[in-house]
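>>> just to be clear, the model below is a prediction. Sequence and coordinates:
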Amino acid sequence: MARKLTINDLKTDVWVDWCPGCGNFGILSAMYQAIAELELEPEKTVVVSGIGCSGKIAHFINVTGVHTLHGRSLPYAEGIKLANPDLTVLVNVGDGDLLGIGAAHFVALGRRNVDLVVIMHDNTVYALTKGQASPTLGRNLQPKALPKPNIQDAVNPIGLAIAAGYTFIARGYAARVQHLKELIKKAVQHKGAAFIDVLQPCVTYDNIHTYDYYNKRVYDINEEGWDPVVKSPEEFPEKASQALIKSYESDGRIPIGIFLINPHVPTFEERYSQRIPSYLKVPPAREPIEVGGKPVITTEKFKEIFKKYVIEYR
Amino acid sequence: MNELRYILGGPQGGGLETTSEVLSWAFAYSGYGVISDREYFSNIKGRHSYVHATVSAVELPRHLTYPVDIVAAMDAETVFTHFGDLREGGYLIYNSDDDNTNFTSIPSMEKELKERLASEFKALGLDGTVKSVVKYLQSSKKVRVVGLSFKELLMEIQKREGIVPSQASRYISTILVGAVAAITDISNEGLDYSLRRRFTREDLYRHNRTMANIVISIVKSQFGSELKLEQPRIKVGSVLVASGNDVIAMAKIVAGVRFQAYYPITPAADESFTLEEYETLGGDGAIIVFQTEDELAAINAAIGAALTGVRSSVATSGPGFDLMVEGLGWAGQNEVPVVVTYYQRGGPSTGQPTRGGQSDLLSSVFASHGEYPRIVLASGDHEEAFYDTIDAFNYAETYQVPVIHLVDKFLANTIATIPMPNLDNIKITRGVLAPKGLKEYKRFDLSSIISPRAFLGDYVMWYSGDEHDEKGHIDEDPVIRIRMFDKRMRKLELIEKEIPEERRYSYFGPEKPDILLVGWGFVKGVALKAIEELGNEGVKVGYYHIRMFIPFPKESITKLAREVGADNLIAVEHNYQAQASKLVAMNTGIVVSKSIVKYTGRPMYVHELVNSIKNIMKGGVREVMSYGA
């Protein structure tokens, strides 16, 4: 039963130990508000997180939290969702976690279109290990912890998501909580793999991408007229290409908003369900496997299922 | 005769598996026991591959040995590679069109084998052609030679069945079937059943049936059926004829596994294919078989799935397991029941990807940073593998620990007849589950060692790879650290107490043996046959078979070692270091200083094991076996 939750209901008694002013607070606020407004049931909602500052978010929200390994939050989330598609699964993960050590999983999720929401805390640094360059930090930049300027190029997360096949792709900004909340809500309501790149100032280690830096540059592409929705499967290549161009915009401004929504791709769950009729009716997690301590597969059923292996000796 | 052994050889991708399958099923249908091992290179087409089988009228065999009664060769390379495997008076079936082929002209043959053959042929005065080897076998080994012109046979089948020439080579596999069937006089009913089973398309069945008939009539008219087995006397009712991969897949379905994640790796991947084939459980169920992008994803997806309450597993081999180790630690830290079916192959690194081994025992027992409880069990044959698979999930859920189930390539790729499993005695135990309707749920409740498990979706709960409090939130307090750590590690005491000693090992052999072999895994079959043969010679040898490494069967091995004398223990293993003997020492202080090992990637054979045991009895301390191409 859905019950009206307040934001206070969604807080846990765990002290939020991020640095004062951390961009993560904005993301956490947007999460609380989105979950409350969507009236998600706490026990049927799972926040999966990776490692680092962002990983702790699973402990700060009073829904089920699975705080996993560095790089592996997506496989955990996919395992959870595929075994029990009735759960709503959100992943909060850092940029190093998702696009560095876990990049293979990021690409693979796009190919599958599992019905998950991936929220990337994009602060350009590995903060909890004291500020090393992350995969979203541009070349020649030198946030204050770096002994030398960065010599690796930044990956384009939106572009990578488009190429990988995500069917909902957006960018938010941690200081625009209302806008981010709306993105999260839409991503949850979207059927398929949703990716939100969230610009998140790290007040301790990134003296370049500050609130001031972003405040001057971000603008909402949807407000400026960009329609992200793919109208037909045929339109996809053109729409995706335009979205990709948007993601590379380099006129000094940073686009936020929804880049792409493609409703024409079946989810991974639907693909399984086409082959396995009972899958979405009785999820594997709820399938009975024993009756009175005995396997549901009886000797008779076993012989029937595996008849091609059985020989009756005479 | 009551036992028949044969080698079938040919190029990888040349239809050898079909030959082997058809013969295995034909013998099994006629009531014989069969074990059929496939040896192959890491290659898709062209390299030498062979099948080595034992067919028995008196038992469901688990052993392989040399020499063999028949070598059936699709190509010249097989003749060169296996002529030495034939017993005196055995049968060579080969393609007489190859008569003039010289071994030096075969590109797929490895240079070391060519060098060995060159010196052997020089010593025997052979010119290195197939014909010279055939003549040598006839004159010096009294081998009966069935030379068939494959070209003529293929022309014949084209003519009779209207097959286009480009398709004709597909029928070579049935030439071998026909020849072996003729010499051994397989019942026509059995052969027909098997051909129909293999060739479900009517036209293909007919073509192959015709080919078999042609060959049978030629061979029978010239050679009769001298290798006819006596009437089978195996009284087991129905049997399964299946590979180790298939047996474990079937057991997983019975065990209630409904989620398996995997990344393709030899020799584990076939298990996942079999599960996928049965993903609807015969129509009204669902198993999700999830092919991931790598093994990191496989183990962690399987763990994620397990949190929802589904019985969940991965199937992998050494390189994949190495990648899974970090995830396994998360499962240990978070008390997640997940099962790793671990098919060992030759390592390290890529090693021998299509060959067997038992060199990952220490890794499976110790692999981890930090400490957490786990259970490690190992299966010795197909039948054990079936029941062990089910136990693995029961243990995993009862103790909320990761379980590693060790098997190997030998088991994976060997087709064997096993008694039809009796499912009536199988129990599914899901461990302590939290009741519904609690006001507050604490996943890591400290009031008992095993905290009641609830599934994601039942309650709000937290998991963390960090050390955590009862609710699952990060907690670095030193006192809670000790309490949580103790709670996890004390499962080992519980496991030690609750899993009976007799579950952890099996003993085979005389009541008071003079020599005790200590082995595990696929060593079982060959060891049992070796002690039987030695017993017939009056040598009292027993075989101590380790079935669980955690918990370890300390008491029984200690008792037996005292009775037999530690000096009379011999470790028998498919690895360099005799790894299980290290664990015997670690768990009991007993040092097993003698060993018989094999690490060529090929199975152990009875004849070489018997020989090695005798060498040890004469004062040897270490025997390294190496038979087999």
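Everything's here; your move.

>>> stretch B:80-95: which residues count as buried?
The neighbour-count criterion (16 or more other CB atoms under 10 Å in any protein chain shown) identifies B:80-83, B:85-87, B:90-95 as the buried residues of stretch B:80-95. Placement of C-beta: from N, CA and C, glycine included.

>>> separation between the residue of the stretch 101-250 of chain A found nearest chain B and A:Leu90?
Across the stretch 101-250 of chain A, no residue is closer to chain B than A:Ala108, which sits at 3.9 Å (CB to the nearest CB). Distance from A:Ala108 to A:Leu90, counting by CB to CB, to the nearest Å: 18 Å.

>>> which one of those two has more residues nearby?
Legend: neighbour count by other CB atoms under 10 Å in any protein chain shown for A:Ala108 and A:Leu90, higher for A:Leu90 (27 against 21).

>>> can you verify the more buried one is assigned to a helix?
No. The assignment for A:Leu90 (DSSP: H, G, I helix; E, B strand; the rest coil) gives strand, which keeps it out of a helix.

>>> alpha carbons only: can I get the strand or helix carrying A:Pro237 in CSV?
When secondary structure is defined by DSSP states H and E, A:Pro237 falls within helix A:236-247. Once non-C-alpha atoms are left out, helix A:236-247 reads as follows in CSV (Å, rounded to 0.1, in the frame of the first residue of the first chain):
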residue,chain,number,x,y,z
PHE,A,236,16.2,7.5,-33.7
PRO,A,237,19.5,7.9,-35.6
GLU,A,238,18.7,11.5,-36.4
LYS,A,239,17.5,12.4,-32.9
ALA,A,240,20.4,10.6,-31.3
SER,A,241,22.9,12.4,-33.5
GLN,A,242,21.4,15.8,-32.6
ALA,A,243,21.5,14.9,-28.9
LEU,A,244,25.1,13.9,-29.3
ILE,A,245,25.9,17.3,-30.9
LYS,A,246,24.1,19.0,-27.9
SER,A,247,26.3,17.0,-25.5
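
>>> what does the stretch 201-314 of chain A put close to chain B?
Within the stretch 201-314 of chain A, the positions adjacent to chain B are A:272, A:275-279, A:282-287, A:289-290, A:293-299, A:301-306, A:308-314 by CB under 8 Å from any CB of the partner chain.

>>> could I have the buried ones of those residues as ChimeraX selection syntax?
The following ChimeraX selection, which keeps only the buried ones among those, applies the criterion 16+ other CB under 10 Å:
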select /A:272,276,278,279,283,284,285,286,287,289,290,295,296,297,299,301,302,303,305,306,309,310,311,313
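
>>> show only the entries of the residues of the stretch 201-314 of chain A next to chain B found in helices.
In helices, judged by DSSP state H, the following of these are found: A:Tyr272, A:Arg275, A:Thr299, A:Lys301, A:Phe302, A:Lys303, A:Glu304, A:Ile305.

>>> number of nearby residues for residue 249?
Picking chain A for this. Taking other CB under 10 Å as the neighbour definition, A:Glu249 ends up with a count of 12.

>>> wrong one, chain B
Other residues close to B:Ala249 by other CB under 10 Å number 28.

>>> just give me the neighbour total for the residue nearest to it when sequence neighbours are not counted.
Of all residues beyond its chain neighbours, the one nearest B:Ala249 is B:Thr274 (3.7 Å), with distances taken as CB to CB, 6 or more residues apart in numbering or on different chains. A count of nearby residues for B:Thr274, using other CB under 10 Å, gives 23.

>>> quick one: B:Thr274 from B:Asn245, how far?
As for B:Thr274, its distance to B:Asn245 is 6 Å (criterion: CB to CB).

>>> surely B:Tyr507 is within a helix?
No. When classified by three-state DSSP, B:Tyr507 is found to be strand rather than part of a helix.

>>> next up, the contacts around it.
Taking CB atoms under 8 Å, 6 or more residues apart in numbering or on different chains as the definition of contact, the neighbours of B:Tyr507 are B:Gly542, B:Tyr543, B:Tyr544, B:His545, B:Ser556, B:Leu560.

>>> isn't the fourth one up against B:Ser506?
Yes. Counting by CB atoms under 8 Å, B:Ser506 is a contact partner of B:His545 at 4.4 Å.

>>> quick one: the helices in the stretch 301-450 of chain B?
Remark: helices of the stretch 301-450 of chain B, listed N- to C-terminal, are B:318-333, B:361-366, B:382-399, B:409-413; assignment by DSSP state H, counting those that start in this stretch.

>>> CSV for those, including mean pLDDT, distance to chain A and mean neighbour count?
Below are the helices of the stretch 301-450 of chain B laid out as CSV (pLDDT from 0 to 100; distance: least, CB to the nearest CB, whole Å; neighbours: other CB atoms under 10 Å in any protein chain shown):
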stretch, mean pLDDT, distance to chain A, mean neighbour count
helix B:318-333, 98, 6, 22
helix B:361-366, 98, 20, 20
helix B:382-399, 98, 8, 24
helix B:409-413, 97, 16, 29
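
>>> closest one to B:Ser20 among these?
Closest to B:Ser20 of these, according to CB to CB: helix B:409-413, at 10.6 Å.

>>> what comes into contact with that closest one?
The set of residues external to helix B:409-413 that reach it, using CB under 8 Å, 6+ apart, is B:37-38, B:243-245, B:266-268, B:270-271, B:317, B:343-346, B:354-357, B:379, B:381-382, B:385, B:521-522, B:574, B:603.

>>> now, those residues that are in strands?
B:Asp37, B:Arg38, B:Ser243, B:Tyr343, B:Gln344, B:Arg345, B:Gly346, B:Thr354, B:Arg355, B:Gly356 (DSSP state E).

>>> for chain B, what's its nearest residue on the stretch 151-300 of chain A.
A:Ile289 (2.8 Å).

>>> can you tell me the closest non-neighbouring residue to that residue?
With CB to CB, 6+ apart as the measure, B:Gly256 is the residue that lies nearest to A:Ile289, at 2.8 Å, once sequence neighbours are left out.

>>> what do you get for A:Lys130?
Spatially, and ignoring its direct neighbours in sequence, A:Lys130 is nearest to A:Ala145 (5.7 Å; CB to CB, 6+ apart).

>>> helix/strand/coil for that neighbour?
coil.

>>> wouldn't it be in contact with A:Val125 here?
Yes. With contacts counted by CB under 8 Å, A:Ala145 reaches A:Val125, the gap being 7.1 Å.

>>> what sits against A:Leu122?
Heads up, residue A:122 is Asp, not Leu. Residues touching A:Asp122, when contacts are defined by CB under 8 Å, 6+ apart, comprise A:Asp95, A:Thr136, A:Pro157, A:Asp197, A:Val198, A:Leu199, A:Gln200.

>>> interface residues of the stretch 51-200 of chain A facing chain B?
Counting by CB under 8 Å from any CB, the residues of the stretch 51-200 of chain A lying close to chain B are A:51, A:56, A:58-59, A:62-69, A:71-72, A:74-80, A:82-84, A:86-87, A:104-105, A:107-108.

>>> just these: which are in strands?
When DSSP E is applied, those are split such that A:Thr64, A:Gly65, A:Val66, A:His67 fall in strands.

>>> JSON lines for the residues you listed, including neighbour count and pLDDT?
Below are these laid out as JSON lines (neighbours: other CB atoms under 10 Å in any protein chain shown; pLDDT from 0 to 100):
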{"residue": "A:Thr64", "neighbour count": "29", "pLDDT": "98"}
{"residue": "A:Gly65", "neighbour count": "28", "pLDDT": "98"}
{"residue": "A:Val66", "neighbour count": "28", "pLDDT": "98"}
{"residue": "A:His67", "neighbour count": "28", "pLDDT": "98"}
